[in-house]
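Trainee: Quick one, fold the following:
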Amino acid sequence: MSRSLRHPFRGSRRFLRTESDRRPNRKKVKQPKMRQSRFSVEAMLDAPDTTDSRPGLRLRITGLVVVGLFALLGLRLWTLTVLQAPAAAQAVTANQIRVVSVAPTRGLVLDRYGNPLVNNVVTQQITLSRVTAQQDPAVVGRLAALIGQTTTQLDATVADTRYSLYKPVPVLSDAPLSDILYIREHQSEFPGVSSVQTTQRNYPQLELPGPAQTGYPAAQTLGYVGTINAAELKSRAAQGYQAGDAFGQSGLEYQYESELRGVPGQQQLEVNPVGQVVGALKTTPAAPGDNIVTNIDTNLQQVADNALATQILTLRKGLDPQCNNNTGCYPAATGGAVIVMSPQTGAVYAMSSYPTYNPSIWVGGITTAQYAALSDPANNEPLINRAIGGVYTPGSTFKLNTATAALGSGLWTPNEFYDDSGTFKIPGCQYNSTSCNLHNSEGDGALGSLDISTALTVSSDDFFYNLGALFYDQRATYGQTPIQDQAAQYSLGELTGIDLPGEVQGRVDSQAERLKLHALSPTGFPNTTWYTGDNVQMAFGQGATAITPIEQAVAYSTFANGGTRYAPQVAAAIVSPSGQVVKRFTPQVTGHVNLPPATYQALLAGFTGVVQNPRGTAYGTFQGLNFPGGLAGKTGTADTVPGKEPTAWFIGFGPTANPQYVVVCVIDQAGYGATAAAPVVRDIYSYLATHPVTAPGIPPGQQIVQSTGPIPLPTTAPAAPTAPAATKTTTTTAAATASPAGSAG
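Mentor: Numbers count the residues shown, from 1 in each chain. Below you'll find the predicted structure:
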């Protein structure tokens, strides 16, 4: 009998049930039949109670495993505490020490005699800690009010990522002594603000009194220094540059950045967990940069700057009655350039570009408004160095190349004459007679029988029209591009290799060049054909030819010295701060032009006649100038845009027997080369007649290098009055597909 459950209402009374009452009547589940296996486990293994136990072996194995594990743990502990302890300590220390760069004193830029064109002055700089500015914003407002800035300006300076995180941010350079004293006397009001002694760029020279006085000698050539930007920092990271470092941005400052910069020092700063500098542990001093001795003659540079600026402003005030189809206009004279170079070495004695500026505007940081003014096309973009970055139609100055090609190829001979009738009809021209006929400069008329020397002297366009047509008609004999090939040998349309950044490559018109231009701008340059009229235009320096003043300087220097082409060189040497010559820059030959004596003398006679022959296009301008050994040269007047004044050129070299100087002047939208550009070159040669360039001082005397004041301004003898030069223009209608253009000597 089994017990039943308790009654839910009657307590613990129990009822007895039979087994049959409790279990339902179910059928038994059939079980599978199990057959007896013939396999015996006991036959394979002994039963546990039939085998001898071995607890000692098991304990020994377990003990060995435990001992091995403890040995590994001990070895690891010894490695961490003994072998890796120094590395761990160094890592902890590294978290507390920051290494920052110590800026070196930048090298100087000197003229050929050692006079400083760019040096350094010691100045006081007010700095602000980033951490303090974040933790105590009120100090920003107090400091901004003191130094005359807005809070927004100061916040932007502090947030500037160009400055190191662990160095105070410079907020005011060349700080007044009164501000520095006030901060020191009220240090509790200016936590995180301090003053440090530093050096900054200084420009000690002056310009001659006159229009150039607001600029600085060779400003674009020297360049300027600014704070290194992100792109520069990325490209120079391997050289140890850090955020906030000074970096040359243009001119010589950029070209010789590595030499001028010096070697930075290092300072180990102890930093607390919140990034505040709490002390300096070790300082390695910086090594100052090397000095650059240039080929520039400062006094000659001042004369060139002032002559160019004076002439441009004079042109703007003078009415040209022949301008704009004789209706008259005031020349825009938007800008120009002057280069004075040695044809014997390529040394650049002076390089002027107008409009100009004073690079001291960059010292301590330039404002947005100031930079916008320097970059504004309405101000004719003073930052552009027009001597190497301006491209201009060459006009008659290009005739050097056509004449050399004609004599060198045998197309023409020095004793061969051409009858200049004043009008040239382009062979094979299919248009009406008006568009097929080209004329000499207005007022010239027929110039009569001319050899090539006289054609250069009087700048006969008719003569060179004929050469261009002959070269085109005889392409099977002289090739497709004989004039262009000759120009390339002289450097036109090629980079000259001058040691300045930003040189622009000019171009000499040809069908290949037109195809390149068309590919770049099909709408702007739709014409890709090349006919006789195009070759004629190119032969006297018109069409799509556009070259730089430095290319012209190299071309005429190459001719003047007899055919050796030198790369222009602004720097003469690198000298250490102690006066040791680190490197001398020797003349670099970049090519040769074949100038047999007969060719050279024929061309030289023509260029000499430009200045010395009464028929010469610049004879009147140079009357009264007594330059030892005489001068030669070439005028150029290039029509560009209808309704605007032509581009004026003059290139002079001398003494004629052994040229020591080549002077190039170009003024855009100025008028005629003889009256607009030639007077600038005359003023420069007037100075050189009594103040020749002498040998450079390498190494320069330390007393000159360390001078702080400007050198005495040059004195120039008053120039003799010049007779009015004949003004010229050319009314030219292009043939075939050439656009109307003109050139005058």
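Trainee: Spell out the residue ranges of the helices in the stretch 351-500 of the chain.
Mentor: Along the stretch 351-500 of the chain, counting by DSSP state H, counting those that start in this stretch, helices occupy 368-375, 386-389, 399-409, 433-436, 452-458, 461-473, 475-478, 482-490.
Trainee: who does the last one touch, helix- and strand-wise?
Mentor: Contact partners of helix 482-490 among helices and strands, from 3 or more C-beta pairs under 8 Å, 6 or more residues apart in numbering; DSSP states H and E: helix 399-409, helix 461-473, helix 532-539, helix 549-560. For glycine as for every other residue, the C-beta is placed from the backbone atoms N, C-alpha and C.
Trainee: Could you give the average pLDDT over it?
Mentor: Mean per-residue pLDDT for helix 482-490: 97.
Trainee: So for the helix or strand that it is followed by, what gets flagged as buried?
Mentor: For helix 482-490, the succeeding helix or strand toward the C-terminus, using DSSP states H and E, is helix 511-520. For helix 511-520, burial by neighbour count (16 or more other C-beta atoms under 10 Å) applies to 511, 513-514, 517.
Trainee: Give me the phi and psi angles of residue 661.
Mentor: phi -140, psi 140 (degrees, to the nearest 10).
Trainee: Not counting its own residues, what contacts stretch 476-488?
Mentor: Stretch 476-488 is contacted from outside by 398, 401-402, 404-405, 408-409, 411, 468, 471, 493-494, 508-510, 512, 535, 538-539, 555, 593, using C-beta atoms under 8 Å, 6 or more residues apart in numbering.
Trainee: try 6 Å
Mentor: When contacts are defined by C-beta atoms under 6 Å, 6 or more residues apart in numbering, stretch 476-488 is touched by residues 401-402, 404-405, 409, 471, 494, 508, 510.
Trainee: so, if you compare those, which one comes nearest to residue 569?
Mentor: Of all the contacts of stretch 476-488, the one with the least separation from residue 569 (C-beta to C-beta) is residue 494, at 16.7 Å.
Trainee: Could you give the number of residues near the closest one?
Mentor: Applying other C-beta atoms under 10 Å, we find 21 other residues in the vicinity of residue 494.
Trainee: give me every residue that touches it.
Mentor: Counting by C-beta under 6 Å, 6+ apart, residue 494 makes contact with residue 488.
Trainee: what's the distance between it and residue 318?
Mentor: For residue 494, the distance to residue 318 (C-beta to C-beta, to the nearest Å) stands at 36 Å.
Trainee: any idea how far the longest helix anywhere in the chain is from the chain center?
Mentor: The longest helix of the chain (DSSP state H) is helix 55-78. A distance of 73 Å separates the centroid of the chain from that of helix 55-78, by C-alpha atoms, centre = their mean, to the nearest Å.
Trainee: cool, stretch 617-635 as well?
Mentor: Computed by C-alpha atoms, centre = their mean, the chain-centroid distance of stretch 617-635 equals 36 Å.
Trainee: gap between the two ends of that stretch?
Mentor: Taking C-alpha to C-alpha, to the nearest Å as the measure, stretch 617-635 stretches 7 Å from start to finish.
Trainee: can you list contacts of that stretch?
Mentor: Applying C-beta under 6 Å, 6+ apart, the external contacts of stretch 617-635 come out as 397, 459, 607-608, 610-611, 650-656, 673-674, 678-679, 682, 685-686, 689, 720, 722-723, 725, 745.
Trainee: Return the helix or strand in this protein with minimum mean pLDDT.
Mentor: strand 2-3 (a mean of 50; mean pLDDT, DSSP states H and E).
Trainee: Nearest to residue 56 among the buried residues of helix 511-520?
Mentor: residue 517 (100.5 Å).
Trainee: Just give the nearest non-adjacent residue to that closest one, would you?
Mentor: Spatially, and ignoring its direct neighbours in sequence, residue 517 is nearest to residue 525 (3.9 Å; C-beta to C-beta, 6 or more residues apart in numbering).
Trainee: With residue 711 instead?
Mentor: Among residues not flanking residue 711 along the chain, residue 115 sits closest, at 4.9 Å (C-beta to C-beta, 6+ apart).
Trainee: The one you found touches residue 297, doesn't it?
Mentor: No - taking contacts as C-beta atoms under 6 Å, residue 115 lies outside contact range of residue 297: 9.5 Å.
Trainee: can I get the CA coordinates of stretch 146-164 in CSV?
Mentor: The C-alpha trace of stretch 146-164 is given here as CSV (Å, rounded to 0.1, in the frame of the first residue of the first chain):
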residue,chain,number,x,y,z
LEU,A,146,47.3,95.9,-24.3
ILE,A,147,48.9,95.2,-27.7
GLY,A,148,46.2,96.7,-29.8
GLN,A,149,44.5,93.6,-31.2
THR,A,150,41.0,92.2,-31.0
THR,A,151,40.3,89.1,-29.0
THR,A,152,39.3,87.3,-32.2
GLN,A,153,42.7,88.1,-33.7
LEU,A,154,44.5,86.8,-30.7
ASP,A,155,42.5,83.7,-30.5
ALA,A,156,43.2,83.0,-34.2
THR,A,157,46.9,83.4,-33.6
VAL,A,158,46.9,81.0,-30.6
ALA,A,159,44.9,78.5,-32.6
ASP,A,160,47.3,78.6,-35.5
THR,A,161,48.5,75.1,-36.1
ARG,A,162,51.7,76.3,-37.6
TYR,A,163,53.1,76.9,-34.1
SER,A,164,54.4,74.1,-31.9
